[in-house]
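Turn this into a structure:
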Amino acid sequence: PNPARDQIFINTGDYARMNGYQLKIINQLGSVVFETNVEEPLYEVNLSTWTGEGLYFVQVIDSGGKITDIRKIILH
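Down below sits the predicted model:
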């Protein structure tokens with residue numbers, strides 16, 4: 001759900017085609033709050049330990065380091 005409160009799910013789709021890709025979630029200040037290599041079709045991210053409400057950005061980064069997609073998350 002977006003806006004989110006305690007968790008989000010990130011569906012990577014055909015993750016087998018995303019060899020070497022990364023997921024990053026970045027806050028408004030540019031700090032990385034979540035980072036993982038794409039190795040699964042679905043990620044559940046626990047937000048209960050995050051302290052700041054507001055806007056976050058989910059970045060999909062390819063094996064060459066290029067950002068291929070950006071999505072927004074609003075945390076309440």
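
which residues pair with residue 61 across the strands?
Residues found in beta-bridge contact with residue 61 (criterion: DSSP bridges) are residue 22, residue 67.

and it, how many neighbours?
19 (other Cβ atoms under 10 Å). (Glycine included, C-beta is placed from N, CA and C.)

That one and residue 17, how far apart?
Residue 61 sits 15 Å away from residue 17 when distances are taken as Cβ to Cβ, to the nearest Å.

Show me the strands in the chain, by range?
Secondary structure of the chain by DSSP state E: the strands cover 7-11, 22-27, 32-37, 42-46, 54-61, 67-75.

okay, those in JSON lines with mean pLDDT next?
Shown next, in JSON lines, are those (pLDDT from 0 to 100):
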{"stretch": "strand 7-11", "mean pLDDT": "92"}
{"stretch": "strand 22-27", "mean pLDDT": "96"}
{"stretch": "strand 32-37", "mean pLDDT": "95"}
{"stretch": "strand 42-46", "mean pLDDT": "93"}
{"stretch": "strand 54-61", "mean pLDDT": "95"}
{"stretch": "strand 67-75", "mean pLDDT": "94"}
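
Now do the same contact list for the residue lying closest to residue 9 once chain neighbours are set aside.
Taking Cβ to Cβ, 6 or more residues apart in numbering as the measure, residue 9 lies nearest to residue 44, with 5.5 Å between them; neighbours along the chain are not counted. Counting by Cβ atoms under 8 Å, 6 or more residues apart in numbering, residue 44 touches 7, 8, 9.

Repeat that for residue 30.
Counting by Cβ under 8 Å, 6+ apart, residue 30 touches no other residue.

repeat for residue 61
Neighbour list for residue 61: 21, 22, 23, 24, 67, 68 [criterion: Cβ under 8 Å, 6+ apart].

same question, residue 55
For residue 55, the residues meeting the contact criterion (Cβ under 8 Å, 6+ apart) are 27, 28, 72, 73, 74, 75.
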